[in-house]
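Colleague: Can you look at this prediction? I've put the sequence above it.
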Amino acid sequence: MDNLEKYNIHPTAIIGKNVVIKCNNFTLGPNSIIRDNCKITCTSFEANEGLFMCEGVEVGRGGCYRPNSKVKIGKKELAKMQNVVG
């Protein structure tokens, strides 16, 4: 885990082998799984409960270190989407 200034990994979260995480801030919520050989590159990554990343997934490229390169996955964003759709 490179460049991590702040990180919070829930005890029930599982991170596989050969996972590369290059973020300033990293949060991984309960019951989340990141399988082997994944790569996460951004300034901030926040995943709430139940994230599942298959083997070999890559998050972030190109402008991944620009100030607004933040990845946020979870309930708050889902609630906003449900309000727009339904």
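Modeller: Alright, I've got the coordinates. Numbers count the residues shown, from 1 in each chain.
Colleague: mind listing the strands in the protein by residue range?
Modeller: For the chain, the strands defined by DSSP state E occupy 6-9, 14-15, 20-22, 25-28, 33-34, 39-41, 44-47, 52-53, 58-59, 70-73.
Colleague: Need those strands in CSV (columns: mean pLDDT and mean neighbour count).
Modeller: In this view, the C-beta of every residue, glycine as well, is placed from N, C-alpha and C. Converted to CSV, those look like this (pLDDT from 0 to 100; neighbours: other CB atoms under 10 Å):
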stretch, mean pLDDT, mean neighbour count
strand 6-9, 87, 13
strand 14-15, 94, 14
strand 20-22, 90, 17
strand 25-28, 90, 20
strand 33-34, 95, 20
strand 39-41, 90, 20
strand 44-47, 88, 20
strand 52-53, 92, 16
strand 58-59, 88, 15
strand 70-73, 80, 16
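Colleague: residues contacting residue 73?
Modeller: Residues in contact with residue 73, defined by CB atoms under 8 Å, 6 or more residues apart in numbering, are 46-48, 51.
Colleague: and if we set it to 10 Å?
Modeller: Counting by CB atoms under 10 Å, 6 or more residues apart in numbering, residue 73 makes contact with 27-29, 32, 45-48, 50-51, 53, 59.
Colleague: tell me the two of those residues that are most distant?
Modeller: 50 and 59 (16.3 Å; CB to CB).
Colleague: one step back: pick out whichever of the contacts of residue 73 sits closest to residue 19.
Modeller: Comparing the contacts of residue 73 against residue 19 with CB to CB places residue 53 closest, at 8.9 Å.
Colleague: which residues does the residue nearest to that closest one when sequence neighbours are not counted bridge with?
Modeller: Spatial nearest neighbour of residue 53, excluding adjacent residues (CB to CB, 6 or more residues apart in numbering): residue 34 at 4.7 Å. Under DSSP bridges, the beta-bridge partners of residue 34 are residue 15, residue 53.
Colleague: hang on, isn't residue 34 packed against residue 54?
Modeller: Yes - with contact defined as CB atoms under 10 Å, residue 34 reaches residue 54; the gap is 9.4 Å.
Colleague: Before I go, just wanted to say thanks for your time.
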